[in-house]
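A.B. asks: Sequence and predicted structure, then a few things I'm wondering about:
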Amino acid sequence: MTRPGDPGHAAASREAVVAVATGATDAVVDGADAPRRGRPWTLRRRLLVIVASLLVAVSAVVGLVSVAVFHSSSVARLDANLDSTISRANLAISGQPPGFPGDPSAAPSLVLNIPGQEAGTLAALVPADGETRAGYITEGGRVLDLPAELADVLAHVPTDGEPHSIRVGELGDYRALALEQTEWNGVRIVLALPLAEVNADSSQLALTITIVALAGLVVAMGLGSVIVARALSPLERVTATAQRVSELPLDRGDVALAERVDVDDDGTEVGRLGSAFNRMLGHVASALTAREQSEQKVRRFVADASHELRTPLASIRGYAELTRLHGGELPDDVVHALSRIESESLRMTGLVEDLLLLARLDEGRELVHGRVDLRAIVVDAVGDAQAAGPDHDWSVDAPDDAVEVSGDDARLRQVLTNLLANARLHTPAGTEVVARLRVDGDRARLEVVDDGPGIDESVRATLFERFARGDASRSRRAGSTGLGLAIVRAVVEAHYGTVEVASEPGRTAFTVELPLATAAAPAPAPAPTSAAAAAE
């Protein structure tokens with residue numbers, strides 16, 4: 001709960017009145033149960049995600065290129081070994097007689113049982129017609145025959161003088177080279193070396209790069225988080241300063257806007273932001289000071305003028321009454337003029353008294369705190385209202401026991417009197433008006449309810465402002481000054497209470513809540529050194 005002079009009081013008061021007048025209270029309550037939206041990403045999180053994304057992209061490109069280059073160079077070395085294997089096979093073949101092989105089953109052993117041939121080497125002799133025979137060298141150096149289906153894989157290697165990658169069943173991937181031997185009557189020789197070691201080395205390199213990249217990413221994110229935090233620390237100081245400024249009571253009274261941002265280096269972007277923010281705060285402070293000085297002059301003028309007008313108004317009224325008491329006969333038009341002078345002086349005196357009261361409330365004066373029985377005030381005020389408006393149906397709904405609050409008896413009586421007068425003046429004859437008093441926890445709840453035509457929605461938001469006028473259904477028929485409800489709000493808020501209105505055709509309810517005397521109410525605020533701002 002806020003009171004005049006507290007931070008955000010003006011905005012909170014306007015929002016509360018609008019919410020009650022438009023029925024937005026239920027919407028706010030319903031909105032509290034709505035699912036919360038996802039938290040927006042902070043600048044720090046965005047920067048870290050961007051840096052992480054760039055690191056991942058660069059690491060992926062470097063890793064892929066490195067693995068590809070390493071694999072290509074390893075395959076090239078394997079192809080060189082394959083050329084050496086073919087050369088050794090050619091030397092063995094060149095020493096054989098023409099028309100070889102007389103025994104095709106011995107041919108694969110011919111090119112494999114040669115010093116220097118590596119374990120895992122495959123060899124196949126593919127005749128122009130007939131069955132392909134193939135063999136391979138085991139890890140123990142033995143030469144074994146390959147099954148026919150695997151030999152057929154070697155038979156399909158193109159004879160173009162270029163190595164080709166093939167897969168030989170469960171033996172794995174190989175690099176194979178096929179050459180045609182003219183001295184062997186068109187028989188093709190195919191030799192192949194395994195790619196298992198090359199693939200294993202490439203996979204190991206890819207795994208190593210991945211582990212190193214992930215470790216580097218973790219380290220970089222940790223260091224990046226620290227660096228980003230330090231880089232954004234001036235921005236956090238700007239945010240903290242703005243938060244402190246937002247909590248200052250800038251809506252009224254003297255404003256001491258001494259908050260500033262510590263700028264380490266105004267050459268950076270964040271430093272320039274802090275400097276600009278400080279300049280803005282200086283400009284705002286100057287504007288608020290000028291505004292306060294102007295408002296003080298207006299308040300002082302209103303208070304002084306109201307005070308000074310009381311004496312001449314009393315004189316005007318006294319002379320009018322004195323003239324009417326003159327023994328001689330006066331013309332009717334003079335009597336009428338004097339009665340109008342007396343009536344308007346009374347009305348203007350009431351207006352001046354209201355303005356003076358509001359000015360003093362703005363300055364934090366005019367309240368005498370003590371224990372006040374609201375039930376007695378309600379009963380007395382309704383009795384007075386019934387005498388003033390006998391054409392209305394008045395009733396009281398209050399507990400039998402006393403309901404005590406801490407406050408000013410005269411001012412609280414004025415609150416209820418103004419609310420009842422508002423119901424009497426702005427509703428037609430025969431309207432039922434109920435003054436209801438209840439105790440709700442540690443607060444007293446006072447309601448003035450009538451079944452009149454209601455308040456137009458367009459004026460509800462400004463109903464408690466000074467000199468506010470109602471619509472035609474609640475027109476000014478008895479010289480209303482438009483200050484009654486403004487006084488109600490000023491007095492209630494000075495007692496740390498709230499006042500609200502809810503209206504619809506057939507029911508209008510003004511609700512006042514005040515802390516009970518037994519509750520731990522805050523101590524009355526001391527009078528400020530300067531006048532507070534006028535109510536909204």
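C.D. replies: Nice, I can see it. Everything quoted here is computed from the prediction, not taken from an experiment.

A.B. asks: In this structure, which helix is the longest?
C.D. replies: helix 269-324 (DSSP state H).

A.B. asks: counting contacts, what elements does it pack onto?
C.D. replies: Judged by 3 or more CB pairs under 8 Å, 6 or more residues apart in numbering; DSSP states H and E, helix 269-324 is in contact with helix 196-246, helix 332-362. Every residue, glycine included, has its C-beta placed from N, CA and C.

A.B. asks: which one of those has the most crowded surroundings?
C.D. replies: Ranked by mean neighbour count under mean count of other CB atoms under 10 Å, the helices and strands packed on helix 269-324 are led by helix 332-362, which reaches a mean of 17.

A.B. asks: and the angle from that helix to helix 269-324?
C.D. replies: Angle between the axes of helix 332-362 and helix 269-324 is 150 degrees (criterion: axes from the mean of the first three to the mean of the last three CA atoms, to 10 degrees).

A.B. asks: okay, the helix or strand just after helix 332-362 in CSV with CA atoms only?
C.D. replies: Per DSSP states H and E, the first helix or strand lying C-terminal to helix 332-362 is strand 370-373. Only the C-alpha atoms of strand 370-373 are listed here, as CSV (Å, rounded to 0.1, in the frame of the first residue of the first chain):
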residue,chain,number,x,y,z
GLY,A,370,-6.3,9.2,18.2
ARG,A,371,-8.7,6.3,18.7
VAL,A,372,-11.8,6.8,16.7
ASP,A,373,-15.0,4.7,16.8
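
A.B. asks: Downstream of strand 370-373, the next helix or strand is which one?
C.D. replies: Criterion used, DSSP H and E; the element after strand 370-373 is helix 374-388.

A.B. asks: quick one: buried residues of that next one?
C.D. replies: 374-375, 377-378, 381-382, 384-386 (16 or more other CB atoms under 10 Å).

A.B. asks: Over to stretch 120-133?
C.D. replies: Under 16+ other CB under 10 Å, the buried positions of stretch 120-133 are 120-127, 132-133.

A.B. asks: Which pair of these spans the longest distance?
C.D. replies: 120 and 127 (24.5 Å; CB to CB).

A.B. asks: for stretch 115-134, the distance to its chain's centre please.
C.D. replies: 75 Å (CA atoms, centre = their mean, to the nearest Å).

A.B. asks: Just the closest of the buried residues of stretch 120-133 to residue 158, please.
C.D. replies: residue 126 (11.6 Å).

A.B. asks: hang on, the earlier thing: now distance to residue 436 and secondary structure too, for the buried residues of stretch 120-133, in CSV please.
C.D. replies: Compiled in CSV, those are given as follows (distance: CB to CB, whole Å; DSSP: H, G, I helix; E, B strand; the rest coil):
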residue, distance to residue 436, secondary structure
120, 101, coil
121, 106, coil
122, 104, strand
123, 110, strand
124, 108, strand
125, 114, strand
126, 110, strand
127, 116, coil
132, 109, coil
133, 112, strand
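
A.B. asks: Tell me the one of the residues you listed nearest residue 148?
C.D. replies: residue 132 (7.7 Å).

A.B. asks: surely that closest one meets residue 126?
C.D. replies: Yes. Using CB atoms under 8 Å, residue 132 is in contact with residue 126, at 4.9 Å.

A.B. asks: Which neighbours do those two have in common?
C.D. replies: Counting by CB atoms under 8 Å, 6 or more residues apart in numbering, the common neighbours of residue 132 and residue 126 are 154-155.

A.B. asks: sorry, back to before: among the buried residues of helix 374-388, list the two that are farthest apart in space.
C.D. replies: Taking CB to CB as the measure, these have their most distant pair in 374 and 386, spaced 18.4 Å apart.

A.B. asks: ok, then the element right after the helix or strand of the chain with the lowest mean pLDDT?
C.D. replies: Of all helical and strand segments in the chain, the minimum by mean pLDDT, DSSP states H and E falls on helix 24-32, at a mean of 40. From helix 24-32 onward toward the C-terminus, using DSSP H and E, the following helix or strand is helix 43-94.

A.B. asks: quick one, that following helix and strand 122-126 angle?
C.D. replies: On the basis of the same axes, to 10 degrees, helix 43-94 is oriented at 50 degrees to strand 122-126.

A.B. asks: what helices or strands is helix 43-94 leaning on?
C.D. replies: Using 3+ CB pairs under 8 Å, 6+ apart: helix 43-94 touches helix 107-112, strand 173-181, strand 187-194, helix 196-246.
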